[in-house]
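S.K.: please work out how this folds:
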Amino acid sequence: MAASLYAADPPETHRIVQLEGLTLIYHRRSGLTHILAPPAPQILAALAAGPAGAEEIVARIGADFEVEADDPAAAITARLAELEAAGLVWRQNFPSLDRGGG
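M.R.: Next comes the predicted model:
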């Protein structure tokens, strides 16, 4: 099984405006403006530190933002899928380090 890491364009490729609890992001590469609600902006900010999987993103944003879910990594994975569909993040698959068996 492959482990997925997600990456995003660097912050300087976006124009970000906060507006009444929402974040508007103009994505220069695509020419599109996206309206995001938490935790999507926090995920993009976490990916500015480099590619990461869902659990690492939870750890990165955990100091400043609480993901309110029974399974935070699953909640972040769902948001990552939405951001991927919008073209704001992409997935990088790597071979799993878990070789299993014996």
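S.K.: remind me which residues of this protein are low pLDDT?
M.R.: Within the chain, the ranges that satisfy pLDDT under 70 run 1-3, 94-102.
S.K.: hmm, 90 instead?
M.R.: For the chain, the stretches flagged by pLDDT under 90 are 1-4, 11, 29-30, 62-70, 92-102.
S.K.: how much distance is there from the helix ranked longest in it to the middle of the chain?
M.R.: Identified as the longest helix of the chain according to DSSP state H is helix 72-85. With CA atoms, centre = their mean, to the nearest Å as the basis, helix 72-85 stands 7 Å off its chain's centre.
S.K.: if you count neighbours, what's buried in whatever helix or strand comes next after it?
M.R.: Next helix or strand after helix 72-85 toward the C-terminus (DSSP states H and E): strand 89-95. Using 16 or more other CB atoms under 10 Å as the burial criterion, the residues of strand 89-95 that qualify are V89. All C-beta spots, glycine's among them, are computed from the backbone N, C-alpha and C.
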